[in-house]
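J.: below are the sequence and a predicted model; questions follow.
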Amino acid sequence: MKKLTTLLSLATVLAIGVSASSLEDRVTALEAQNEVLAEEILASQSDGFTAIDTDKSYNGLGTAASKVYYSKNPLSLGGYGEMYYAKPENSDDYADVYRFITYFGYKFNDWIILNSELEFEHGANASSGGKVVVEFMYLDFLLHTHANLRFGNVLVPMGLIGLRHEPTLFNTVQRPEVEKKLIPSTWHENGALVYGRVDSVGLEYTAGVVNALNLNNEKTASANNGWIRDGRQGASKESPFDPAFVGRVDYTGVNGLVVGASFYFAEGSNLKDDAENDVSGLSTTMFDIHARYESGAFSAYGLYTKTILDGAENISNTAVEEASGYYANVAYDLSEIVGIEYKFPIFAQYQSYNPVESTVDGLNQEKYQTDIVTMGLNFFPTDQTVLKMDYTIKEVNGIDSEDIFSIGFGFIF
């Protein structure tokens, strides 16, 4: 009788355990189903608009640009914007509706995805420097975690800001000048990429072919500080295709840390403005080493980059041959110290770069040597909006050339 009672008790306990486990599984499934239904209702009420998850990034992209990859709906609409006010120390103040961006994405099925970015700059008023640009438009073919394909007008996977250029992802009101002058963000070219992730070793990679920079330009010939940025060709139909190899690898195996390197090489870069200006014997090498780290209230990011133009003497005897620079940004979130629930980081950033580090004739090599110190703070009323304030002290060729106080705001959706 005792054995029978014991067996019945054991059977009851096991049944309860199985029921509890089954119930837990059912609750989990119902929660997942409820999440899908909630998003479908949101999509039906807003013509396909889906919520953003600021903790998710796909293939190194910004969180809003990654939205389509995680959406449970075919159509995805997102974007970002930024506006700022600036007061230079010795000149008039001004305000700029700097950027308004829309992302359009569409899932044709579970492995073919369209992603695109349309940018409106400076109010898009062409008479005052505004413009409308397709900053990327590509098809992704999601084949395997280890290897996927991307074709179209793509972001060139160099540096930190190029891929993560949304205003909630960097602290300063303006993007770092190192990643404007030396890695010309936002840098997008026609091309094809292979990318993937190997989780067992914590590595992400991207490699492929993109249209080369046209460094056979007037700014290269005259050793102007905008020679790299002016070489971008973008999405224009006027850009002949001259292939350049680009590769990137990032290690993400330590929680909160991303450290990696990018590389670009073009044999030639001899795209021509016209037949008379065509030259040969050029090659361009660019690389960067970059890192980003977050741990609790502390965060930091930065990089070093260098560009070498071999054969510059074929362009002119005053042409630029090399450029290099670096920057570092450190921040600390004061929200716990001041007793608020909103992110409130203070930061400091230092940049040092020379876009004309070496010239064919050896002249004017210090003319554009630039050092910049920026200090400021951010306030995040939500994860998708940020208010910014900073003060920048800038020296060019050892001369205090421009101190600027700036305030601004940015958002992603």
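T.: Received it, and whenever you're ready, just let me know what you need. Numbering: from 1, shown residues only.

J.: partner strands of whichever strand or helix holds residue 260, with direction?
T.: According to DSSP states H and E, residue 260 maps onto strand 257-267. Applying DSSP bridges, strand 257-267 is found paired with strand 243-251 (antiparallel), strand 283-295 (antiparallel).

J.: then that strand to PDB, C-alphas only?
T.: Taking Å, rounded to 0.1, in the frame of the first residue of the first chain, the C-alpha atoms of strand 257-267 are listed here in PDB:
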ATOM      1  CA  LEU A 257      33.600  45.700 -27.100                       C
ATOM      2  CA  VAL A 258      34.000  46.100 -30.900                       C
ATOM      3  CA  VAL A 259      37.500  46.300 -32.200                       C
ATOM      4  CA  GLY A 260      38.500  46.000 -35.900                       C
ATOM      5  CA  ALA A 261      40.100  47.300 -39.000                       C
ATOM      6  CA  SER A 262      39.100  48.300 -42.500                       C
ATOM      7  CA  PHE A 263      41.100  48.300 -45.800                       C
ATOM      8  CA  TYR A 264      40.600  49.900 -49.200                       C
ATOM      9  CA  PHE A 265      42.700  49.500 -52.300                       C
ATOM     10  CA  ALA A 266      42.300  50.700 -55.900                       C
ATOM     11  CA  GLU A 267      44.700  50.000 -58.600                       C
END
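
J.: run the chain-centre distance for that strand.
T.: 14 Å (C-alpha atoms, centre = their mean, to the nearest Å).

J.: and that strand, what's buried?
T.: For strand 257-267, the neighbour count (16 or more other C-beta atoms under 10 Å) marks 258, 260, 261, 262, 263, 264, 265, 266 as buried. (Each C-beta comes from the backbone N, C-alpha and C, glycine too.)

J.: between the residues you listed, which sits nearest residue 176?
T.: residue 262 (15.3 Å; C-beta to C-beta).

J.: confidence score at residue 26?
T.: With respect to pLDDT, residue 26 scores 63.

J.: ignore what I typed, I meant residue 327.
T.: The score at residue 327 is 98. That number is its pLDDT.

J.: state the distance from it to residue 218.
T.: Distance of residue 327 to residue 218, given as C-beta to C-beta, to the nearest Å: 27 Å.

J.: more neighbours, the two?
T.: Higher neighbour count among residue 327 and residue 218: residue 327, with 23 against 14, using other C-beta atoms under 10 Å.

J.: quick one: what helix or strand has the residue nearest to that one when sequence neighbours are not counted in it?
T.: Spatial nearest neighbour of residue 327, chain neighbours left out: residue 351 (4.0 Å); criterion: C-beta to C-beta, 6 or more residues apart in numbering. Using DSSP H and E, residue 351 falls within strand 345-359.

J.: so how far is that strand off the chain centroid?
T.: With C-alpha atoms, centre = their mean as the basis, strand 345-359 stands 18 Å off its chain's centre.
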